[in-house]
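Need coordinates for the below:
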Amino acid sequence: MRGDGRVLVSSGRRAGALFLALLFGLLAAAACALVAARVAGADEVRAGQTAFVDVQAATLWTEPYQARPDVDRPSLSNPTGLTSWASRMTGSQKGWLIGKTQTQALYGEPVRVLDTYGVWARVAVPSQRTPKNRAGYPGWVPMAQLSTQSGTAIGGREFVQVVKKHALLYDDRALSRVDHSVSFGTRLAVTGRAAGKVRVESPKGDDDWMDLRAVEVYTSAAQIRERSKPTPLKVAQRAAMFRGTPYIWGGTSSYGLDCSGFTYQVYRSFGINLPRDAQDQRDAGRAVGGSRVKGDLLFFGPSPSNITHVAMYYGDGKIVHAPYGASRVVVEDLRSSGRMSSYQGTRRYL
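Below you'll find the model as predicted:
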């Protein structure tokens, strides 16, 4: 019996050694493939640079290499597959993202590179105000999702802002060859026009075409509020356009939104740049002591200094919001939403 036992132990050790060798070989191959993809498909990214998001929306992670290789792969690639990422995750898989993802930056959006680690870059999004970092909202993204083409910056140039839930970029002026879709709120520099169409510059410096009906054209960020003339009704109507959009922790794109990412993007589209997070949005608004109007933001949480949710007043006692539990943006009755027990006030921004 002891002899048989030693043979089994020895065989088991050899099998275990072979398994470990195979595992390390696979990991090494995967690492090499990732590095090769990085070298072949992305610009060199260094700390101190300004880079530009080269995917539909770059998800910023709390730590590098934190994402799940299987579940989160569609959010890490270039191009991304954000629609499939949001639709395929179970409730528990979405819940895992809490505290792991920070925010998102849209296609063409400039980011400041703070640090690098392997094939990851720690960046800050200047347009997203936060006390977390003076440079902008911080987090880690795969370098392959960034471009360092300096000509991409809008600067003082004319630009488009997407005002549909999604818009298509085309390779040709005839709008017959679709390149990919982009999110509501995406801003890209204009390089030319044709009847009912506009040519825009991609983060890589190439030209794409868009249907003018999907965008608004501006010459400066300050002009957005002046020309869009936001009213309570307009803000609420634009917010309702997102009904059915999936909930994603940290989401700011129309492929997936969290509660404050939703309110941030709606107001930003009217030239009103709220802070990124719900607590800071509450602190930035004017307190509403009387009747609510459409577009007002309602805040919820254990205390005024611990806000955990934000919703927009839709009118007639209803709110439109991106609640974690509902998994999608919904319009519902405020009283029956079950949230009034944690209500911490209403704020106004118009």
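
which other residues reach stretch 331-339?
240, 243, 298, 300, 309, 311, 313-314, 317-320, 323, 340 (Cβ atoms under 8 Å, 6 or more residues apart in numbering). To be clear about C-beta, it is placed using only N, CA and C from the backbone, and glycine gets the same treatment.

Mind checking which of the residues you listed are buried?
240, 298, 300, 309, 311, 313-314, 318-320, 323 (16 or more other Cβ atoms under 10 Å).

So which of those belong to strands?
When DSSP state E is applied, the buried ones among the contacts of stretch 331-339 are split such that 298, 300, 309, 311, 313-314, 318-320 fall in strands.

need the contact list for the closest residue to residue 120 other than its chain neighbours.
Spatial nearest neighbour of residue 120, excluding adjacent residues (Cβ to Cβ, 6 or more residues apart in numbering): residue 64 at 3.6 Å. By Cβ under 8 Å, 6+ apart, residue 64 lies in contact with 117-118, 120, 122, 140.

repeat for residue 202
Taking Cβ under 8 Å, 6+ apart as the test, what residue 202 contacts is 54, 108, 152, 169, 188, 208.

what about 10 Å?
52, 54, 107-108, 147, 149, 152, 169, 179-180, 188-189, 191, 208 (Cβ atoms under 10 Å, 6 or more residues apart in numbering).

Could you report the separation of the one residue sitting closest to the centre of the chain from residue 137?
The geometric centre of the chain, computed from its C-alpha atoms, lies nearest to residue 104 (Cα atoms, centre = their mean), at 2.7 Å. According to Cβ to Cβ, to the nearest Å, residue 104 and residue 137 sit 9 Å apart.

same deal with residue 173?
On the measure of Cβ to Cβ, residue 173 and residue 137 end up 36 Å apart.

who's more crowded, the two?
More crowded of residue 173 and residue 137, by other Cβ atoms under 10 Å: residue 137, with 25 against 13.

how far away is residue 195 from residue 212?
With Cβ to Cβ as the criterion, residue 195 and residue 212 are 9 Å apart.

More neighbours: which of the two?
More crowded of residue 195 and residue 212, by other Cβ under 10 Å: residue 212, with 14 against 6.

Let me see the backbone angles for the more buried one.
phi -60, psi -20 (degrees, to the nearest 10).

Next: residue 208.
Dihedral angles for residue 208 - degrees, to the nearest 10 - are phi -130, psi 170.

ok, for it, nearest residue in space, not its chain neighbours?
Spatial nearest neighbour of residue 208, excluding adjacent residues (Cβ to Cβ, 6+ apart): residue 169 at 4.2 Å.

which SSE is that neighbour in?
Element membership for residue 169, per DSSP states H and E: strand 166-170.

out of the buried ones among the contacts of stretch 331-339, who's nearest residue 95?
For these, the residue nearest residue 95 by Cβ to Cβ is residue 323; the value is 13.4 Å.

Now for the closest one: which residues touch it?
Residue 323 touches 247, 258-259, 300, 309, 311, 329-330, 332, 337-339, counting by Cβ under 10 Å, 6+ apart.

Let's see that with 7 Å instead.
259, 330 (Cβ atoms under 7 Å, 6 or more residues apart in numbering).

so residue 226 sits in a helix?
Yes - counting by DSSP: H, G, I helix; E, B strand; the rest coil, residue 226 is found in a helix.

Quick check: the residue nearest to it when sequence neighbours are not counted vs residue 221, distance?
Counting by Cβ to Cβ, 6+ apart, residue 226 lies nearest to residue 271, which is 7.4 Å off, once chain neighbours are set aside. Plainly put, residue 271 is 7 Å away from residue 221 if you go by Cβ to Cβ.

who has more neighbours, these two?
For residue 271 versus residue 221, neighbours defined as other Cβ under 10 Å are more numerous around residue 271 (19 against 15).

give me the number of residues near the closest residue in space to residue 78 that isn't next to it in sequence?
The spatially closest residue to residue 78, leaving aside those adjacent along the chain, is residue 144, at 4.7 Å (Cβ to Cβ, 6+ apart). Residues lying near residue 144 (other Cβ under 10 Å) number 24.

is it true that residue 144 touches residue 80?
No - contact criterion Cβ atoms under 7 Å: residue 144 and residue 80 do not qualify, at 10.4 Å.

hang on, residue 224 packs against residue 230?
No - checked against Cβ under 7 Å, the pair residue 224 and residue 230 is beyond contact range at 9.2 Å.

what touches both of the two?
With Cβ under 7 Å, 6+ apart as the test, residue 224 and residue 230 both reach residue 270.

you'd agree residue 236 is in a helix?
Yes - the assignment for residue 236 is a helix, going by three-state DSSP.

about what we covered before: the residue nearest to residue 226: what's it in contact with?
Residue 271 neighbours (Cβ under 7 Å, 6+ apart): 221, 224-225, 228.

same question, residue 302
residue 342.

per-residue confidence for the residue nearest to residue 208?
Predicted confidence (pLDDT) for residue 169: 98.

tell me the contacts of it?
Per Cβ under 7 Å, 6+ apart, neighbours of residue 169: 179-180, 182, 208, 210.
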